[in-house]
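**Q** 3D, please:
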Amino acid sequence: MAEIVSLADAVAELVRDGDTVALEGFTHLIPHAAGHEIIRQGRRDLELVRMTPDIVYDQLIGAGCARKLVFSWGGNPGVGSLHRFRDAVQNGWPVPLEIEEHSHAGMANRYVAGASGLPFAVLRGYAGTDLPDHTGTIAEITCPFTGERLAAVPALNPDVSIIHAQRADRRGNVQLWGLAGVQKEAVLAARRSLVTVEEVVDELEPVPDQVMLPSWVVTRVAEVPRGAHPSYAQGYYERDNDYYRRWDAVSRDREAFQEWVRETRSGAEVKA
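**A** Reported below is the predicted structural model:
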């Protein structure tokens, strides 16, 4: 059953050096506050997993937290490149970064397989691309019933998955609505999970198209208002487009970025 704790205590308990860690959220409800807490606590040697790594992964990579990135697209949405990510891949700064690239469909199917307790997923994908030549976790298989050639990808089972949602009740049941990516699947596939929420309430009110994660599939819940900022949380706040634009300048310059890290580790509220 989920236990409600502070963000600092949740990260200290759940995220360990060398872990495979997924921070998921698509366009909104991206768990930025949890990513910043991982930086504060100085985690190292992480295998970071995310369908669409954006600036929170740029920050984690630049802070030296990661040794590997498993992903299907990376960028500062609407702005441009992830410069800390590029620096790590191209120049090994602050540490070399291994990459494992998939398609969106491949990553989504890997989470579904992990959530379903299956060893791998099968899809019609990757045909006509050179990703199988560069990614060892893509294999071609033959359907035993039709003879069709298909792609297989191994299940994703992170050591810990972290997502952000709108609400949880005091028993740890989680309510999420709006544009959803693979948050539910990431939690169900993980060995441990943390859900940060905008607020903890006595009772959850019904919301159309809500995604409910019952308390028994969640390890820890932490109340973190504005925990998705600068991404948005439907029903709570809008996307901070200026932050994304400012981040481009900060991330281009190692010295400016290191100052950002120092401010983040000090616990100050930092603006890009």
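
**Q** Kindly list the main-chain dihedrals of D87?
**A** For D87, the backbone dihedrals (degrees, to the nearest 10) come out as phi -60, psi -40.

**Q** you'd agree it is up against Q258?
**A** No - between D87 and Q258 no contact is recorded; they are 11.9 Å apart, counting by C-beta atoms under 8 Å. Placement of C-beta: from N, CA and C, glycine included.

**Q** tell me the domain boundaries of the protein?
**A** The chain breaks down into these domains under automatic domain parsing: 3-95+160-265, 104-154.

**Q** Tell me which of those is the most buried.
**A** Of the domains of the chain, the one with the most neighbours on average (mean count of other C-beta atoms under 10 Å) is domain 3-95+160-265, at a mean of 20.

**Q** residue contacts, W247?
**A** 55, 58, 76, 79, 272 (C-beta atoms under 8 Å, 6 or more residues apart in numbering).

**Q** my read: the first one touches R246, true?
**A** Yep, that's I55 we're talking about. No - shown here, I55 and R246 do not form a contact pair, counting by C-beta under 8 Å, at 10.2 Å.

**Q** Can you check which residues contact both of these two?
**A** If you check I55 and R246 against C-beta under 8 Å, 6+ apart, no residue is contacted by both.

**Q** ok, so what distance separates V207 from Q166?
**A** From V207 across to Q166, the span is 8 Å (C-beta to C-beta, to the nearest Å).

**Q** anything in contact with each of the two?
**A** 175, 177.

**Q** those helices in the stretch 151-272 of the chain, which residues are they?
**A** Using DSSP state H, counting those that start in this stretch, the helices of the stretch 151-272 of the chain run over 183-189, 241-252, 254-265.

**Q** Can I get the ones you listed in CSV including mean pLDDT and distance to S231?
**A** Formatted as CSV, the helices of the stretch 151-272 of the chain follow (pLDDT from 0 to 100; distance: least, C-beta to C-beta, whole Å):
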stretch, mean pLDDT, distance to S231
helix 183-189, 98, 13
helix 241-252, 98, 9
helix 254-265, 96, 17
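
**Q** residue boundaries of the strands in the stretch 51-200 of the chain?
**A** 66-71, 98-101, 120-123, 139-142, 149-154, 160-169, 174-176, 192-201 (DSSP state E, counting those that start in this stretch).

**Q** Let me have those in JSON lines, extended by mean pLDDT and distance to H229.
**A** Converted to JSON lines, the strands of the stretch 51-200 of the chain look like this (pLDDT from 0 to 100; distance: least, C-beta to C-beta, whole Å):
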{"stretch": "strand 66-71", "mean pLDDT": "98", "distance to H229": "22"}
{"stretch": "strand 98-101", "mean pLDDT": "98", "distance to H229": "27"}
{"stretch": "strand 120-123", "mean pLDDT": "98", "distance to H229": "33"}
{"stretch": "strand 139-142", "mean pLDDT": "96", "distance to H229": "40"}
{"stretch": "strand 149-154", "mean pLDDT": "97", "distance to H229": "33"}
{"stretch": "strand 160-169", "mean pLDDT": "98", "distance to H229": "10"}
{"stretch": "strand 174-176", "mean pLDDT": "98", "distance to H229": "17"}
{"stretch": "strand 192-201", "mean pLDDT": "98", "distance to H229": "10"}
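
**Q** got CSV for the helices of the stretch 151-272 of the chain, with distance to G35 too?
**A** Listed next are the helices of the stretch 151-272 of the chain as CSV, based on distance: least, C-beta to C-beta, whole Å:
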stretch, distance to G35
helix 183-189, 14
helix 241-252, 13
helix 254-265, 10
